[in-house]
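K.L.:
any chance you can model this:
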Amino acid sequence: MVLRRTGLDELPLLVVIGASASLVAWATFGSRRSVEAVAVPSFVAASATAERDLVLSAASLTDGDAWADVARKLAQSAMPGSSGSPGASSDAPRSPSSLAPDSRSGDVTRIACADLQGRPIVYGWALDGRPHSRWVAWAPNGMRLFSGRFDLGVPEGAWTWWHDNGEVRGEGYFEAGLAQGLWREFHPSGHQASVVEYVNGRPDGPIDEWWDDGTPRTEGQFDSGERDGPWETWHENGQIRAQGLYRDGLREGLWHEWHDNGQSLLEATYQRGRPDGAWGEWYRDGRVKAQGYFVDGRREGIWVFTEFDGTADPRSGAYHLGHKVR
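P.N.:
Numbering: from 1, shown residues only. Predicted coordinates for the structure are as follows:
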């Protein structure tokens, strides 16, 4: 749910979904209309698999702007399709008016798209050309991908995402397109993966993450969207991975990192995110990789580097203001 900045802060990324033009059918007449599609125009790829392809792009599920963009593209990519039945589904209402939004004196359209076998792809409503009220999308295997509500193209209210095995992937709440309150993620096994609080679209408060077996993965704190305070991360085998302090999203003070076998990987001191002080790096077997000293992010004094095979690294030598002088 939270975008990671470094490999050490491995917070999971989830995906948002968009639909290609071949998936959405749109009517072009009437003040209140219902559109159902089971086929795509002949100039679009003919196979059922191609018809059900969903375009995935990397973005956080909590990114309301990304979902608003998905909603906008859904509306813009809509095209006329042939009439038919959208296919049976517990999520697709039998009555066209059962989930119909208040028209607000606007132009309301029901969209129910299915593949050639009648399996549902997308179901939702539009108001004045923008996704509105509840929308549901399904994967090619028939499992739901997401269910949520739009208010004129903007995410609003409770949203849920699913893994392709049917287990819940994430759940949270939007207000005016901004993530609010407690958001949760889950592994495909159903075990909880993360919990974090959002305020006005930004993480604010403790964050906890777990590996699939329940062992800790991350413990930390956010303040208005920035990492702030003590942070710890763990390898999947339970070995501590990194430990240190953030201030306003930047590393501060002494940081330790470890290989997954428990050997030290890094010991370094930071000031406002820049290395400042003694620096040490080690290979997985405990041999020295680099040792030296930083002043305000620049190498200073004698530095020793060692190649993986144990030979001297040509970078070794004396440094001043970040440049090797001999």
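
K.L.:
tell me which element Trp67 falls in.
P.N.:
Using DSSP states H and E, Trp67 maps to helix 64-76.

K.L.:
any idea of the mean pLDDT for the next helix or strand after that helix?
P.N.:
Downstream of helix 64-76, the first helix or strand assigned by DSSP H and E is strand 108-114. Here strand 108-114 scores 79 as its mean pLDDT.

K.L.:
just checking, what packs against strand 108-114?
P.N.:
strand 32-37, strand 120-127 (3 or more C-beta pairs under 8 Å, 6 or more residues apart in numbering; DSSP states H and E). No exception for glycine: its C-beta is placed from N, CA and C like everyone else's.

K.L.:
ranked by average pLDDT, which of those falls at the bottom?
P.N.:
Looking at the helices and strands packed on strand 108-114, the bottom one is strand 32-37 with a mean of 38.

K.L.:
who's Arg227 bridged to?
P.N.:
Arg227 has these beta-bridge partners by DSSP bridges: Phe222.

K.L.:
just Leu178 next, same as before
P.N.:
Going by DSSP bridges, Leu178 forms beta bridges with Glu175.

K.L.:
enumerate every residue touching it.
P.N.:
Gly64, Tyr198, Asn200, Gly201 (C-beta atoms under 8 Å, 6 or more residues apart in numbering).

K.L.:
for Arg144, same thing?
P.N.:
Counting by C-beta under 8 Å, 6+ apart, Arg144 touches Asp91, Val136, Ala137, Trp138, Trp162, Gly166.

K.L.:
surely Arg134 and Pro155 touch.
P.N.:
No - with contact defined as C-beta atoms under 8 Å, Arg134 does not count as touching Pro155 (11.6 Å).

K.L.:
quickly list what's touching both of these two.
P.N.:
Common neighbours of Arg134 and Pro155 (C-beta under 8 Å, 6+ apart) are Gly148, Arg149.

K.L.:
so those two - more neighbours on which side?
P.N.:
Set Arg134 next to Pro155 and count neighbours by other C-beta atoms under 10 Å: Pro155 wins out with 28 against 17.

K.L.:
quick check: closest non-adjacent residue to that one.
P.N.:
In space, Pro155 comes closest to Phe174 once its chain neighbours are excluded; the distance is 4.1 Å by C-beta to C-beta, 6 or more residues apart in numbering.

K.L.:
please apply the same query to Arg202.
P.N.:
Excluding its sequence neighbours, the residue lying closest to Arg202 (C-beta to C-beta, 6+ apart) is Gly225, at 3.3 Å.

K.L.:
ok, which stretches of this protein are helices?
P.N.:
Ranges of helices within the chain are 48-51, 64-76, based on DSSP state H.

K.L.:
gap between the closest residue to Leu265 other than its chain neighbours and Tyr123?
P.N.:
Spatial nearest neighbour of Leu265, excluding adjacent residues (C-beta to C-beta, 6+ apart): Glu257 at 4.3 Å. The gap separating Glu257 from Tyr123 is 48 Å, by C-beta to C-beta, to the nearest Å.

K.L.:
looking at these two, which is more packed in?
P.N.:
Shown here are Glu257 and Tyr123; by other C-beta under 10 Å, Tyr123 has more neighbours (24 against 18).

K.L.:
dig out what the more buried one forms beta bridges with.
P.N.:
Tyr123 has these beta-bridge partners by DSSP bridges: Ala112, Val136.

K.L.:
so it sits against Trp135, correct?
P.N.:
Yes - applying C-beta under 8 Å, one finds Tyr123 in contact with Trp135, separated by 7.0 Å.

K.L.:
residue contacts, the closest residue to Leu266 other than its chain neighbours?
P.N.:
Among residues not flanking Leu266 along the chain, Glu257 sits closest, at 4.0 Å (C-beta to C-beta, 6+ apart). Going by C-beta under 8 Å, 6+ apart, Glu257 touches Leu8, Arg241, Ala242, Gln243, Ser264, Leu265, Leu266, Glu267.

K.L.:
just the buried ones out of the residues you listed, please.
P.N.:
Taking 16 or more other C-beta atoms under 10 Å as the criterion, what is buried in the contacts of Glu257 is Leu8, Arg241, Ala242, Gln243, Leu265, Leu266, Glu267.
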